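**Q** A predicted structure for the sequence below; I have some questions about it.
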Amino acid sequence: MVSAAEGAAIVRRAMTVLLEPVPAHVPLPTGFRAAGLHCGLKKNRQLDLGLLLADQPSPAAAIFTQNQLVGAHVHLCRDHLTRGNGLVRAVLVNARNANCATGAKGIEDARRCCRELAERVRCPTEQVIMASTGPIGAPLPTELIVSHLDALLERVSADGAMDFARAIMTTDTYPKALHATGPHGTATGFAKGSGMIHPDMATMLGFLVTDGHLGEAKANVLRSLADRSFHCVTVDGDTSPNDSLFLLASGRVRGDVHRLEATLTELGQQLARRIAADGEGATRLITVQVRGARSEAEAIRVGRVIATSPLVKTAVAGLDPNWGRILSAAGRAGVAFVADRTRVWVGPADVFSGGAPHPENEAAAHRHLVGDQEVMLGIDLACGSASADVWTCDLTKDYVQINADYRS
């Protein structure tokens, strides 16, 4: 039973977790500009059409969903990146329409948007890529988008990052944009995602731009940083047919590729945490800590299973330090370990170790669930030295309501 005081704490936490301080301004790396405007897709004049523009064609890499249902923009982006030798001048993004399950016409609609934008920025069509997000099945409102391209280009500027971040939002409650600086290049990252989030290539729409130099390593860098960031976040175990992650590197700053990769990875991890914290209906961010694994891959696998367990997520929502659900979820991850050798913790409290539960510590675990904005759930598999963190959120009745009303 949750007391009135604890219930009030949940409400306060919900507002804090879902409405993290949003920066008023996020800079872009030199050579990149951005914009966002309202073209009529969202209600209440919310921004719904975004643009990332590079001053010069920039080497790019991308990874996409593994869903067998694939949005039209995925087909188009793969084609344009191949025909354009991986060079990108502009990224156009629309919200409130996934342009998915729309057949050959959906691909041609996206191609027309790219062609119209390419004419305006005077670059080859294949140097323009597009991403769409929103409900599945509706035709892309091509005329509406094309008719707003001139106004979008008029707004593009080095100060347009936050408008772009707002324009790509769907059920997100706040824009997700971050900037990082370093001697090996600066970088800015954007992400949108609140539901339909699970590791399966990209898990959301994400955009990373840097003035650093990655050269031929760009695809490997993107894959590596995604594995350690965006592939370590889950909200509900569902993946979108439009999941896409893009990396553009202008190469203006020459430096150490590995150090630039570390900067980009940290940027990706911080964006991934914000996606988890902003999960649909969530009241707190959950970090699943897996330690003592034989490999990082096994640690991530165990973490994902725990993080997607409805029983684990609802236990956290109910402030119940039910460690048995954590241990049981780990046990079905397909990773061999001896349960009696494991240790399980909730926040600072050791709730299972040495083959026995510790009920005397459950009060401390409960206090952690009630009082802390970020909940820590952990398991040590006692099999090796590898570790990983996976980020998720609790599962509440509001998640059901949001998705029941999604197209209303």
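**A** That came through, no problem.

**Q** what helices and strands are in contact with the longest helix seen in the chain?
**A** Using DSSP state H, we find that the single longest helix of the chain is helix 257-277. When contacts are defined as 3 or more CB pairs under 8 Å, 6 or more residues apart in numbering; DSSP states H and E, helix 257-277 packs onto strand 176-180, strand 187-192, strand 205-212, helix 218-227, strand 285-293, strand 386-393. The C-beta positions use only the backbone N, C-alpha and C, and glycine is treated the same way.

**Q** can we see that at 6 Å?
**A** strand 176-180, strand 187-192, helix 218-227, strand 386-393 (3 or more CB pairs under 6 Å, 6 or more residues apart in numbering; DSSP states H and E).

**Q** just the CA coordinates for the shortest one, please, in PDB.
**A** What that stands for is strand 176-180. Taking Å, rounded to 0.1, in the frame of the first residue of the first chain, the C-alpha atoms of strand 176-180 are listed here in PDB:
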ATOM      1  CA  LYS A 176      16.500  16.300 -26.400                       C
ATOM      2  CA  ALA A 177      19.600  18.200 -27.600                       C
ATOM      3  CA  LEU A 178      23.100  18.200 -26.100                       C
ATOM      4  CA  HIS A 179      26.500  19.700 -27.000                       C
ATOM      5  CA  ALA A 180      30.000  18.500 -26.200                       C
END
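
**Q** how about the residue lying farthest from the centre of the chain, secondary structure?
**A** Going by CA atoms, centre = their mean, the residue of the chain most distant from its centre is Glu360, 37.7 Å out. Recorded secondary structure, Glu360: helix (DSSP: H, G, I helix; E, B strand; the rest coil).

**Q** any idea of the pLDDT on it?
**A** In this model, Glu360 is scored at 98, pLDDT.

**Q** distance-wise, check it relative to Asp350.
**A** To Asp350, Glu360 is 10 Å away according to CB to CB, to the nearest Å.

**Q** between the helices and strands packed on helix 257-277, which one is nearest to Asn99?
**A** strand 187-192 (15.3 Å; CB to CB).

**Q** sec struct for Val344, please.
**A** Val344 ends up strand, using three-state DSSP.

**Q** hmm, it is touching Asp380, no?
**A** No. With contact defined as CB atoms under 6 Å, Val344 does not count as touching Asp380 (8.0 Å).

**Q** look at the two and report which has more neighbours.
**A** Val344 (24 against 18; other CB atoms under 10 Å).

**Q** now do the contacts for that one.
**A** 323, 326-327, 351-352, 379 (CB atoms under 6 Å, 6 or more residues apart in numbering).

**Q** same thing with Phe337?
**A** 381, 383.

**Q** so it lies in a strand, does it not?
**A** No. Per three-state DSSP, Phe337 lies outside any strand segment and is coil.

**Q** ramachandran angles for it?
**A** Here is the backbone geometry of Phe337 (degrees, to the nearest 10): phi -160, psi 160.

**Q** i'd like the first residue to be 55 from this point on
**A** In the new numbering, first residue 55, that becomes Phe391.

**Q** do you know the pLDDT at it?
**A** 98.

**Q** and it, how far is that from Ala436?
**A** Phe391 is 7 Å from Ala436, by CB to CB.

**Q** same thing with Pro295?
**A** On the measure of CB to CB, Pro295 and Ala436 end up 39 Å apart.

**Q** then Gly138?
**A** Gly138 is 50 Å from Ala436, by CB to CB.

**Q** which one of these two is surrounded by more residues?
**A** Gly138 (19 against 16).

**Q** about what we covered before: just the closest of the contacts of Val398 to Ala418, please.
**A** Val405 (9.0 Å).

**Q** do I have it right that that closest one meets Trp377?
**A** Yes. Here Val405 reaches Trp377: they are 4.1 Å apart, a contact under CB under 6 Å.

**Q** any idea which strand is longest in the chain?
**A** If you go by DSSP state E, the chain has its longest strand at strand 103-118.

**Q** please list the outside residues in contact with the helix or strand just after that one.
**A** Remark: after strand 103-118, the chain's next helix or strand is helix 126-137, criterion DSSP states H and E. For helix 126-137, the external contacting residues (CB under 6 Å, 6+ apart) are 118, 153, 156, 160-161, 164-165, 180, 183-186.

**Q** equivalent analysis for stretch 196-210, please.
**A** 87, 89, 91, 93-94, 103, 105, 107, 148, 163, 166-167, 170-171, 174.

**Q** ranking by neighbours, what's the top pick from the residues you listed?
**A** Going by other CB under 10 Å, Asn148 tops the contacts of stretch 196-210 with 29 neighbours.

**Q** give me the buried positions along stretch 297-312.
**A** Burial within stretch 297-312, assessed by neighbour count using 16 or more other CB atoms under 10 Å, is assigned to 297-307, 311.

**Q** residue contacts, Cys316?
**A** Check again: residue 316 is Ala, not Cys. Counting by CB under 6 Å, 6+ apart, Ala316 has no contacts.
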